[in-house]
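*Asks:* Just the structure for this:
(chains A and B)
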Amino acid sequence: MSLGKFLVRRILQGVFVIWGVVTILFGLRAVSPGDPANLMLAEGATQDLVEQVRREEGLDEPIYVQYFDYLQGLVVGDFGYSWQSNREVEAMVIERIPATVELAVAATIVAIVIAIPLGVISATRRNQPSDYGATLFSLLGISTPNFWLGLMLILVFGVWFGIPYPTFGTSAIGILGVTIPYPSSIWYGMIEFPTGRRGPSFADAALAIVSSGSLSEMGTWLKHITLPALTLGTYFTALITRLTRSGMVDELGKPYVTATEAKGLPLVLIRYKHVLRNTMIPIITVLGLQMGTLLGGAVITETVFNWPGLGLRLIDAIDMRDWPLMQGIVVFIALAFVTINILVDAVYASLDPQVSEE
Amino acid sequence: MTGASAASAGILSIAGCVGEEEEDPDDPDDPDDPDDPDDPDDPDDPVDELDEITITLSQFPDTIDPLDHITGDYFDIYDHIYEPLFDFEPGEGIFPRVAEEWEAQGDGTTHVYLRDDVVFHNGDPLTAGDVAWTINRTVDPEKGVPSPIGTFGLGSIEGAEAVDDTTVAINYGAAPGLAEFEFGNYARAINRDWAIEQHDAENEAISGADAENFNGTGPYEVVEFESGVEVVVEAFDDYWGPDPPFERITFNADGESSGRAAAIETGEADVTINILPEDVATINQAPDAEVRNVTSFRTVFCPMKNTVPPFDSQEFRQAMNYAVDNEEIVSTILSGFGEPRGQPVSPGINGFNPDIEPYEQDIGMAESLVEESGYGDVEIELYAPSGRYLNDAEIGETVADQIDQLDNVNCEANIVEFGVVSDANQAGVDPDEFEDTWEIPFYMIGWGVITGDTDYGVQGFFTIPDNPNRTFDDEELSDAILESQQIQDPDDRREQLEYVNELAHEKAPFVYLHTQESIYGVNEQIQWEPREDETIYTWEMDT
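*Replies:* Presented below is the predicted three-dimensional model:
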């Protein structure tokens, strides 16, 4: 099968998956308890008002008519209106994408920066304490629930280190009229992080550096994103660490490594240039595939940190049972998932023709 | 050191470097400048004058039409922009504000006289036409947004018209005293021409994602708006009244109670609402924050729809009240942050009956009343929400457990999202008429009587004519409420409302639980006492 045909087949499969998601969501909406008209009006609406809203929103139509109307809208990019805010769903989704993407990218960077060196160290020092430490970290990282880790990070870095409790003593001492801060107060300032919310966007922070040379916005951005990115990236970090380790272990046993060693190439060059490069292919594949998971998995992290991304908007929509918004966000996440998968498949297929011939 | 902490240390060292860069004494925008008195992020700043504050609510309004919803968190923001026409003081009455005077005309009409120096944020002067249009848009389902404020808040108001530039005639179908409670709370002004031209507001709700989509006469105007995230307001230069105490206020929200508590502990928020009893001690230990609380006008209870067995028996309903130990629930689950109640409304509400005591737990009495009712060995289910009221799920489970202790009743708790009990509350009492939505006869809900008048706490639940959403079907109770709505003399009306509460105690349409405390976390520098009606007005604050 040619690469073109392979891609067409993948895209058709993707469309089928999206249609499935839309249909399941619509089915859930149909069987979920509660009258949408009641929900739109909140507490205190009379039955007359409820009936009026039901008529205006087309909720008195048969369910299949509502379904086809919705599908028809989706085809032309019309996700409908939020029941709660009366705004276009697509606008409400689009305005939250940057925050989620920013968080997902930051989490990925955290994962790459930590996991790859850790995996290399672990693989090259097998059965030594550093290997055991890395394995333990992987185990903890994979097993620790996001919401718990997030809350602990907030407690430690947001609350404990953010508040100089009287039990820690005063924050400054005076010597001959000069106030000298305790080292602890400097320490507190450095490791104190916001307990939630987003600061300036990365784009704004970068713009501030370009326009005025000010680093303060970037500092604020960094402080806001650190804990959420660590929380979201921990599972990912553990996963990549294990993948790097096992890939490296496989590669290190291959004859070309022995040959290059025999040639007298420096060990560092062998490990980081030749072996790691060969290990990177499956890691990059997983990185790509996991980006979709990150977009979806950000729901919990965004809720814990009140991070105004798609995940938090999804939770708000669920709380208010704002079905059009809820559907719009889930369909978007599904779209992102499918698109990333297709792209990864395409890259993979172009690198390894056997894949497209399966 | 774990990988995570290594990473954090790495990133922190970058942050530290950035921090060092920031300490440029010449940089006026330096957020970490220790000498900057206006740095809102610096909790250690000794000279912080609190010109700017952050108020963290538990629910951020995604709708921006001030008439669209009847939710307290929404009002906390929008009242600063679309100010109330009157000053309502819980338990005291209503006082002049934008409306300088008002006078009942004796024919179901009250004339309200407005100040002549009030302008909207876009510069247009406020006219009586704007006020009349806003009231009509609220109460007329054919005009603008179908508004629960119209059906509940302004339930007796029939409409309004401008008599001249500063006089509005408000028409109502009840006693002037009741109408006054209603428009005293819910009359506001939207700029008619702006709303129609910019938002087609006679056919649609006002919506949008920009600061320009707000236009009221309040002391603050919106300068930044990020939908679903925050509203930032600044003092309005042309405001007719005294300068508000803060130059700038940021309203945001955190749906997680732990997040709100952390925000107040770390100084990221200056006022936050809905603190849970278990977080009170921690917040009080924080250096710059404290907890303030007040017994609210919100009463929590469990309606029992009397059109289905076993709740059609008064003995059975009373038995449920005797089965529950309100004192125990308040002292253990709410750590004392509540008051047991035996009637639909709280002290301070017009018509509250001080002679009515809460039902005291008496298992023997409850069991014998169940036998008298003829519903021995019945199985019932209590639906309770989670996350809406203070420790609501735990309370629901405890109430069900206590009822289950009776030898002749089995009761199970079913914890659901709030929307389920909200639907149940609106589904009426007739299973045949509303078969699609009618499925839950026994559930837990809270009701804030924010008008300060018993009528708001009882009429939606108990009156029969034109009220398909009632939860209790009893002619005597309904008639008593309808009669109170027509009594002209305020003292006679209050007595009648006390009688209504007495009847409501005896007929036991609810399992009465408690009036909950409103618990706030507040920056110690802010002088402010919370209000019983859960409203946050920053113009009542000082530093």
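*Asks:* who's in contact with the closest residue to residue B:213 other than its chain neighbours?
*Replies:* Closest residue to residue B:213 apart from its sequence neighbours, by C-beta to C-beta, 6 or more residues apart in numbering or on different chains: residue B:64 at 5.8 Å. In this view, the C-beta of every residue, glycine as well, is placed from N, C-alpha and C. Neighbour list for residue B:64: A:85, B:206-208, B:213-214, B:225 [criterion: C-beta atoms under 8 Å, 6 or more residues apart in numbering or on different chains].
*Asks:* Widest-spaced pair of these?
*Replies:* The span of the contacts of residue B:64, defined through C-beta to C-beta, is set by A:85 and B:214 at 13.7 Å.
*Asks:* before we move on, back to that, before we move on, what SS does the residue nearest to residue B:213 have?
*Replies:* At residue B:64 the chain is in coil, as set by DSSP: H, G, I helix; E, B strand; the rest coil.
*Asks:* so where do the strands sit in the stretch 201-350 of chain B?
*Replies:* Along the stretch 201-350 of chain B, counting by DSSP state E, counting those that start in this stretch, strands occupy B:220-226, B:230-235, B:248-253, B:271-272, B:289-303, B:338-340.
*Asks:* May I ask which helix or strand encompasses residue B:395?
*Replies:* Here residue B:395, judged by DSSP states H and E, is contained in helix B:392-404.
*Asks:* For the residue nearest the centre of chain B, give its distance to chain A.
*Replies:* In chain B, the C-alpha nearest the mean C-alpha coordinate belongs to residue B:72, at 3.4 Å (C-alpha atoms, centre = their mean). Residue B:72 is 11 Å from chain A, where distance means C-beta to the nearest C-beta, to the nearest Å.
*Asks:* now do residue B:220
*Replies:* Remark: distance between residue B:220 and chain A (C-beta to the nearest C-beta) = 21 Å.
*Asks:* mind listing the helices in the stretch 151-300 of chain A by residue range?
*Replies:* Here the stretch 151-300 of chain A has its helices, by DSSP state H, counting those that start in this stretch, at A:183-191, A:202-212, A:216-252, A:255-262, A:267-269, A:276-305.
*Asks:* circling back: please flag which of the contacts of residue B:64 sit within helices.
*Replies:* Counting by DSSP state H, no part of the contacts of residue B:64 is found in helices.
*Asks:* can you list these in TSV and add distance to residue B:111 and pLDDT?
*Replies:* Below are those laid out as TSV (distance: C-beta to C-beta, whole Å; pLDDT from 0 to 100):
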residue	distance to residue B:111	pLDDT
A:85	36	86
B:206	28	93
B:207	34	91
B:208	35	91
B:213	32	96
B:214	29	97
B:225	36	95
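*Asks:* which SS state does residue A:66 fall under?
*Replies:* From three-state DSSP, the assignment for residue A:66 is helix.
*Asks:* for the nearest residue to it once chain neighbours are set aside, what are its contacts?
*Replies:* With C-beta to C-beta, 6+ apart as the criterion, residue A:66 has its nearest non-adjacent residue at 6.3 Å, and that residue is residue A:58. By C-beta under 8 Å, 6+ apart, the contact list for residue A:58 reads A:65-66, A:69.
*Asks:* quick one: which of the residues you listed is nearest chain B?
*Replies:* Set against chain B, the nearest of those by C-beta to the nearest C-beta is residue A:66 (15.5 Å).
*Asks:* wouldn't residue B:517 be in contact with residue B:297 here?
*Replies:* No: using C-beta atoms under 8 Å, residue B:517 is not in contact with residue B:297; the gap is 11.3 Å.
*Asks:* With neighbour numbers in mind, choose between the two.
*Replies:* Under the criterion of other C-beta atoms under 10 Å in any protein chain shown, the comparison of residue B:517 against residue B:297 puts residue B:297 first, with 29 against 22.
*Asks:* Could you check how far the more buried one is from chain A?
*Replies:* 15 Å.
*Asks:* what does residue B:333 give?
*Replies:* Residue B:333 is 22 Å from chain A, where distance means C-beta to the nearest C-beta.
*Asks:* Pretty sure that residue sits against residue B:394.
*Replies:* Yes: with contacts counted by C-beta under 8 Å, residue B:333 reaches residue B:394, the gap being 5.1 Å.
*Asks:* Now do the contacts for residue B:191.
*Replies:* Residue B:191 is in contact with B:120, B:122, B:124, B:126, B:130, B:215-216, counting by C-beta under 8 Å, 6+ apart.
*Asks:* In helices, which of those appear?
*Replies:* In this view, these that belong to helices under DSSP H are residue B:130.
*Asks:* Just name the closest of the contacts of residue B:191 to chain A, please.
*Replies:* The closest of these to chain A turns out to be residue B:215 (C-beta to the nearest C-beta; 16.9 Å).
*Asks:* wait, the closest one sits on residue B:121?
*Replies:* Yes: Residue B:215 is in contact with residue B:121 according to C-beta under 8 Å; the separation is 5.2 Å.
*Asks:* Residues touching stretch B:316-329, excluding its own?
*Replies:* In contact with stretch B:316-329 (C-beta under 8 Å, 6+ apart) are residues B:302, B:304, B:306, B:310-311, B:338, B:340-342, B:358-363, B:365-367, B:369-370, B:373, B:375, B:395, B:398-399, B:402-403, B:405-406, B:409, B:507-509, B:511-514.
*Asks:* of those residues, buried ones?
*Replies:* Listed as buried from the contacts of stretch B:316-329 are B:302, B:304, B:306, B:310-311, B:338, B:340-342, B:358-359, B:361, B:365-367, B:369-370, B:373, B:375, B:395, B:398-399, B:402-403, B:406, B:409, B:507-509, B:511-514; burial here means 16 or more other C-beta atoms under 10 Å in any protein chain shown.
*Asks:* So which of the residues you listed are in helices?
*Replies:* Those of the buried ones among the contacts of stretch B:316-329 lying in helices (DSSP H): B:365-367, B:369-370, B:373, B:395, B:398-399, B:402-403, B:507.
*Asks:* domain assignment for the chain?
*Replies:* Just so you know, I chose chain A. Segmentation of chain A into domains, based on the TED database, reads A:3-90, A:93-356.
*Asks:* You answered for a different chain; I wanted chain B.
*Replies:* According to the TED database, chain B comprises the domains B:52-234, B:295-518.
*Asks:* What I need now is the ones you listed written out in CSV, including distance to residue A:108 for each item.
*Replies:* Shown next, in CSV, are the domains of chain B (distance: least, C-beta to C-beta, whole Å):
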stretch, distance to residue A:108
domain B:52-234, 24
domain B:295-518, 32
